[in-house]
Structure formats: C-alpha cells, structure tokens
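> need a structure here:
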Amino acid sequence: MKISLFCLLILFVVAPSHAATDQKDTLVLGKISHNPKKHYQYLKPMAKYVIDRMADLGIDKIKIRLAKSKEHLADLLKQGEVDWVTETPIAAAYLHEVAGAEILLRKWKKGVAEYHTVFFSLSGNGIDHLQDLKGKVIALEDPASTSAFYAPASELITQGMKLVRLNSARDKPPADSVGFVFSREEINIATLVHKGVVDAGAFSSDDWIKEDHLPVKYRKDFKIFHRTPDLVRALEIVRQDLEPEIRQRLTEILLDSNDNPAAAHVLRAYQRTMKFDRLSEDQKKSVYNLRIMIKRVDQAVAW
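Have a look, this model is predicted:
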C-alpha cells in the first residue's frame with residue numbers, strides 16, 4: 001500500500017517525541033498549524049540552517065513539532081518538548097502568560113515589521129462601517145490568527161458588537177449580532193466575499209496586496225471599509241528555561257543571517273523574511289499586553 005508524502009509529513013512532524021530536555025543533542029522548532037505540509041516545507045530550510053551552526057554546543061539534531069492550537073503549543077513548551085517557536089504576536093502573548101515563553105527576536109515576515117487588519121466587502125453592497133455588519137456574516141481565517149481573527153474580533157467587540165460563530169457561511173446570525181465563519185485560508189476569505197456567500201472579510205494588509213491571497217480580479221470589486229492599528233508582524237519565541245548558551249547562539253545565528261549570502265534562500269523560504277531584529281523591553285511588554293485582547297475575545301465570542 002502506498003502512503004502519500006503528505007501523510008508521511010504529518011506523521012513525522014506531529015508524532016509524539018521524548019521531551020527536549022531529555023535529548024540534549026536535539027533542538028525542537030514548533031508552530032501552530034492547520035496545514036502541516038505547507039508549514040513543514042518553509043520551516044525545514046531554516047531548521048537545517050540553524051542546526052548546522054550549533055554542533056560545537058553538542059546540538060546536532062533538530063525536530064519540527066506542529067501543534068494543533070495555541071493551547072497545545074503551550075503544553076509542549078511547558079513540558080520542554082518545544083524549544084523555539086515562530087509565531088504571531090497574539091500567540092506570543094498567550095504563550096508568555098500560560099507557558100512563560102519569551103520573545104527572542106522580531107521577524108520581518110514577508111518583508112515588513114508591522115501590519116494591520118483590513119475589513120473589506122464588495123463595493124456597493126451597503127457595508128461602509130463596522131456597525132453595518134450587524135445581522136451580517138464575515139469570513140475570518142482560523143482561531144489562532146492575529147490579523148484574521150483576534151484583531152478584527154477585538155475591534156468589533158470594542159465597538160459593542162456581539163459575535164456568533166456559525167456552522168456554515170450560509171447560516172444567518174441574530175439581527176443584533178455579527179456572524180463569523182473560519183475559512184482556513186486567505187484566498188478562501190476573498191472568494192467567499194467575491195461570490196457574495198458572506199458579506200465581508202478581514203485579513204492582514206499584507207494579504208490585501210498578495211495576488212495568491214487576493215487576486216486582482218477580486219480586488220477591483222472590493223472596498224476597504226475599516227482598518228485596525230498596527231501590530232508587530234511576527235516573532236521568534238523560546239521557552240523560558242532554554243539553556244542560556246543555546247538561546248544566545250540561536251539569537252546570533254538569526255541576526256547574522258541578515259547579512260549572510262548563504263542564508264538568502266533560507267530567509268526567502270522562511271515566509272519571505274527580510275531580517276530579524278531585537279525589540280526593546282517596552283515593545284515586548286506591548287506584545288505581552290495583547291493577552292488582554294485574547295481574554296476579551298475569548299470571553300465575548302459565542303462559540
């Protein structure tokens with residue numbers, strides 16, 4: 001019987017492993033994922049690049065662990081089964097509060113340091129303000145997304161809106177609420193809006209200008225009717241008790257990759273990262289304070 005490459009990848013990256021603290025020669029890179037094949041492919045080159053530069057510390061193996069949720073990833077960090085994480089600011093805030101994880105560096109994902117959420121709809125459909133979404137349906141990405149769930153949900157809640165998760169994009173919410181559905185991919189959000197299946201969508205300003213997430217033929221029919229404040233784009237995070245020498249070496253490797261020609265293809269594969277840089281303590285605190293947003297959304301959303 002043949003087993004597909006996709007299945008093999010899933011088995012490899014999510015299969016249980018011994019705690020990283022029991023494998024002193026192994027570094028474990030983690031991420032929340034609903035698409036293991038996609039995420040494994042962009043994590044693998046960076047994982048190899050880093051591990052090739054840690055042999056003198058006795059670290060000569062690396063594993064990739066993909067978690068099904070932020071809660072699952074927090075458990076892996078607390079158990080010492082993940083050492084290093086690449087994630088969103090929302091995930092960083094949650095993992096800091098629940099598992100003590102700490103920000104290592106900012107990642108200029110897709111070439112930008114910060115981004116924001118855009119709310120969009122078909123031109124001429126009568127939706128010009130957030131309040132116009134009452135009794136309507138909005139498509140979002142997934143429960144772990146900063147720009148395509150927590151930021152837009154928080155914005156709506158702040159303006160006094162009630163949010164209700166729907167089982168289907170064709171379901172209707174109560175007249176005094178905003179219904180939302182998760183579509184899993186940005187292109188799916190755009191397609192649902194363009195076909196008129198949902199009334200609006202929300203995702204990042206980066207996605208708005210990406211052809212594979214929002215084709216030009218769709219964009220010309222859309223309008224942006226609201227934007228959120230900017231947030232840090234992406235972060236590299238480590239478990240709180242990661243050995244100091246490993247933490248320092250990881251920091252050096254990532255920062256040195258900015259100007260290393262040998263790392264150019266690795267950074268490109270790693271979600272088109274332009275560079276890594278340090279955040280000030282105040283900037284880190286602002287990220288950690290996003291836990292307030294997380295709690296507000298989790299408590300307010302009718303699941």
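
> the stretch 151-300 of the chain: strands as residue ranges?
Taking DSSP state E, counting those that start in this stretch as the criterion, the stretch 151-300 of the chain carries its strands at 162-165, 177-182, 200-204, 222-227, 231-232, 234-238, 276-277.

> Val287: which of these is closest?
Proximity to Val287, assessed across the strands of the stretch 151-300 of the chain by CB to CB, is greatest for strand 231-232 (5.8 Å). Any C-beta I mention is one placed from the backbone N, CA and C, and that applies to glycine too.

> centroid-nearest residue for this structure?
The centre of the chain sits closest to Thr88, judged by CA atoms, centre = their mean, with a distance of 4.3 Å.

> so that one is in contact with Ser145, correct?
Yes - in this structure, Thr88 sits in contact with Ser145. The criterion is CB atoms under 8 Å, and the distance is 7.0 Å.

> quick one on the thing from earlier: now for the residue nearest to the centre of the chain: which residues touch it?
Taking CB atoms under 8 Å, 6 or more residues apart in numbering as the definition of contact, the neighbours of Thr88 are Ala144, Ser145, Thr146, Ser147, Ala234, Leu235.

> now with 10 Å?
Applying CB atoms under 10 Å, 6 or more residues apart in numbering to Thr88 gives the contacts 31-32, 70, 94, 109, 144-151, 231-235, 287, 290.

> same check, this time on Asp199
When contacts are counted by CB under 10 Å, 6+ apart, Asp199 is found next to 121-122, 125-127, 132-133, 135-139, 178-179, 192-193.

> change it to 6 Å
Applying CB atoms under 6 Å, 6 or more residues apart in numbering to Asp199 gives the contacts Lys136, Val137.

> ok, now how distant is it from Ser147?
Note on Asp199: its distance to Ser147, by CB to CB, to the nearest Å, is 19 Å.
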